[in-house]
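K.L.:
everything below, folded, please.
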Amino acid sequence: MGRQKSQQTSRNTSSSEHTRRPTGALFIVGTPIGCPEDLTLRARTLLARVSIVVAETPLAARTLLDCHGIGATVTGYGQGDEEKIAILLDRLAAGHEIALVSDSGMPVIYDPGRRLISAARAAGHQVTVIPGPSALTAAAALSGESADRLLFLGRLPQSAQRLDRLFRELRREVGITVMFAPSSALPRILERMRRILPDRKLTLAVDMTKPDERVHQGDAAALLQQVRSFSKDSEVTLVLSGARKGWK
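P.N.:
Numbering: from 1, shown residues only. As a prediction, this is how the structure comes out:
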């Protein structure tokens, strides 16, 4: 009787194992913000192992992977790409490991990767992070300002009216504010800052970690002329100092 029950339990367990679907894992991987050699050893090992690398811009990811001799399959994704997310969830359900990368730095920071991350977690798949470089923290460090309190503004308003409203709100912000901005928009941004935040110190971190990396500091008026000579493809991160203690 006991032997019969044991055999029945064994059959049930075997049947359960056959019907249980494997589940993959999604890895959020930080990539260099400029110099390809800044890819961490852990990230390089992981990217060489996964089945699929999901990239905001496949060409950028392919270039980085080629620099490290990694032949992983690369596919793209975009904002609101629900069909692609469904396909990737199917791959995870089949047991594949997938790496999510941004064009540079950490996914989700100025990047649409959050939708895939949320969908994978909601579906019950393992989601883990492989930390790496970030223009946000790199620029904060280069500025020499205290980053004990930090406000990040990834996408600045396009209209002058909304930009003015934002900068007026920052008059009382005591922490530093980090912003990403296209090189072509810098004159417009600095002109508004010159009018609304004339006494605040600015740091412009340009092409960080690249051979021509440079840092410009001063108030908006002083930097306004300099930025007009920036290359259109320059990658610029702005750090605005906080309001002085007691400032009203």
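K.L.:
and the helices in this structure?
P.N.:
All helices of the chain, identified by DSSP state H, fall at 2-19, 41-49, 58-67, 82-93, 114-122, 135-143, 160-169, 186-196, 220-227.
K.L.:
tell me the angle the last one makes with helix 160-169.
P.N.:
Which is helix 220-227. Helix 220-227 runs at 130 degrees relative to helix 160-169, counting by axes from the mean of the first three to the mean of the last three CA atoms, to 10 degrees.
K.L.:
list the buried residues in helix 220-227.
P.N.:
When burial is assessed from 16 or more other CB atoms under 10 Å, helix 220-227 yields the following buried residues: Ala220, Leu223, Leu224, Val227. Every residue, glycine included, has its C-beta placed from N, CA and C.
K.L.:
can you give the domain ranges for the chain?
P.N.:
Domain assignment of the chain by automatic domain parsing yields the ranges 22-130, 135-240.
K.L.:
dump the ones you listed to TSV, plus mean pLDDT.
P.N.:
Below are these laid out as TSV (pLDDT from 0 to 100):
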stretch	mean pLDDT
domain 22-130	94
domain 135-240	95
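K.L.:
that older thread, determine which of the helices of the chain approaches Val178 most closely.
P.N.:
Val178 sits nearest to helix 135-143 of all those, at 5.4 Å, using CB to CB.
K.L.:
just the CA coordinates for that closest one, please, in PDB.
P.N.:
The C-alpha trace of helix 135-143 is given here as PDB (Å, rounded to 0.1, in the frame of the first residue of the first chain):
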ATOM      1  CA  ALA A 135      25.500  60.600 -17.100                       C
ATOM      2  CA  LEU A 136      23.300  61.800 -14.200                       C
ATOM      3  CA  THR A 137      25.700  60.900 -11.400                       C
ATOM      4  CA  ALA A 138      28.800  61.500 -13.600                       C
ATOM      5  CA  ALA A 139      27.800  65.100 -14.200                       C
ATOM      6  CA  ALA A 140      26.900  65.700 -10.600                       C
ATOM      7  CA  ALA A 141      30.400  64.500  -9.600                       C
ATOM      8  CA  LEU A 142      32.100  66.700 -12.200                       C
ATOM      9  CA  SER A 143      30.200  69.800 -11.000                       C
END
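K.L.:
if you count neighbours, what's buried in it?
P.N.:
So, applying 16+ other CB under 10 Å, buried residues of helix 135-143: Ala135, Leu136, Thr137, Ala138, Ala139, Ala140, Leu142, Ser143.
K.L.:
now swap in stretch 88-95 and tell me
P.N.:
Per 16+ other CB under 10 Å, stretch 88-95 contains these buried residues: Leu88, Leu89, Arg91, Leu92.
K.L.:
could you measure Asp207 against Arg171, distance?
P.N.:
To Arg171, Asp207 is 30 Å away according to CB to CB, to the nearest Å.
K.L.:
so between these two, which is more surrounded?
P.N.:
Just comparing Asp207 and Arg171: by other CB atoms under 10 Å the higher neighbour count belongs to Asp207, 19 against 12.
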